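any chance you could fold what I've pasted below:
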Amino acid sequence: MREFEQMELEFFCAAGTDEEWHKLWIESRLKWWEDQGVSKDVLELYHVPADELAHYSKATVDIMYKFPHGLEELEGIANRTDFDLGSHSKNQSELGISAKVNENKASNAKLAVQDIETNKWSVPYVIEPSAGVDRGVLAVLNEAYSVETLEGGKERTVLSLKPHLSPIKAAVIPLKRNHEGLVELLKILKIPYRN
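Residues are numbered from 1 along each chain as shown. All right, here's what the predicted structure looks like:
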């Protein structure tokens with residue numbers, strides 16, 4: 001089975017502000033999905049229970065989407081504490097890392113920030129939104145797809161993507177197929193068309 005592609009982002013924040021940032025990222029990501037055409041009505045938040053969290057995670061919330069075949073995760077937003085940068089930093093014992101990290105003697109980078117007033121070093125916490133590309137595209141397409149019933153009982157299939165996602169912003173669709181005058185006009189205007 002092929003692994004689906006992930007888009008990940010690591011947002012750094014100070015310890016003590018991480019819970020508020022985690023909440024803000026959850027709200028921001030919900031708004032982003034809505035901006036892509038995925039209604040809040042088809043999304044659910046799953047607060048991962050403590051006994052199911054990854055060892056580095058202080059909290060994780062999954063954004064779940066109601067696909068026609070069932071509920072599946074679109075994205076996870078994790079509060080990874082100082083585990084990520086702490087794991088890859090040199091001089092770990094001097095940095096007051098709160099996460100349980102393996103000793104890293106190979107690192108040559110101090111992945112920490114220094115408070116210029118106190119000269120104290122601290123390792124930033126990480127909020128990591130991570131979304132599946134394949135599932136995200138499928139959710140957007142699923143929400144944009146509809147079948148409309150026209151006058152006289154005829155049906156048509158419509159894909160109504162948000163304008164910023166649409167590869168084609170406008171279409172010239174003649175009522176009469178391959179009408180010579182319209183085809184010639186399209187050529188003059190250099191507008192792509194299909195016979």
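
could you use CA atoms for every contact and neighbour count after this?
Will do.

quick check: the nearest residue to residue 79 once chain neighbours are set aside vs residue 106, distance?
Leaving aside its sequence neighbours, residue 79 sits nearest to residue 127 (Cα to Cα, 6 or more residues apart in numbering; 4.7 Å). The gap separating residue 127 from residue 106 is 25 Å, by Cα to Cα, to the nearest Å.

repeat that for residue 66.
To residue 106, residue 66 is 45 Å away according to Cα to Cα.

go on, residue 184?
With Cα to Cα as the criterion, residue 184 and residue 106 are 68 Å apart.

the more surrounded of the two?
Neighbours per residue, other Cα atoms under 10 Å: of residue 184 and residue 106, the larger number sits with residue 184, 12 against 9.

wasn't the more buried one part of a strand?
No - counting by DSSP: H, G, I helix; E, B strand; the rest coil, residue 184 is located in no strand; its state is helix.

residues in contact with it?
Counting by Cα atoms under 8 Å, 6 or more residues apart in numbering, residue 184 makes contact with nothing.

what's the domain layout of this protein?
Here the domain parsing of the chain from automatic domain parsing is 6-82+124-141, 165-195.

can you give me the end-to-end distance of the first one?
What it means is domain 6-82+124-141. Where domain 6-82+124-141 begins and where it ends lie 18 Å apart, using Cα to Cα.

roughly how far out does it sit from the chain middle?
Distance of domain 6-82+124-141 from the chain centroid (Cα atoms, centre = their mean, to the nearest Å) equals 8 Å.

let me see the contact set for residue 19.
Contacts of residue 19 by Cα under 8 Å, 6+ apart are residue 79.

report pLDDT for it.
For residue 19, the pLDDT comes out at 97.

kindly report the same for residue 177.
As predicted, residue 177 sits at a pLDDT of 68.

do the same with residue 95
pLDDT recorded at residue 95 is 86.

same check on the one 3 residues further on?
We note a pLDDT of 85 for residue 98 in this prediction.

what's the answer for the one 10 residues further on, then?
Residue-level confidence at residue 108 comes out at 88, pLDDT.

please report the distance of residue 37 from residue 183.
According to Cα to Cα, residue 37 stands 34 Å off from residue 183.

helices of the chain, residue ranges please.
Under the criterion DSSP state H, the chain contains helices at 18-35, 83-87, 133-144, 180-188.

which of these has the highest mean neighbour count?
Greatest average neighbour count among these goes to helix 83-87 (a mean of 22), per mean count of other Cα atoms under 10 Å.
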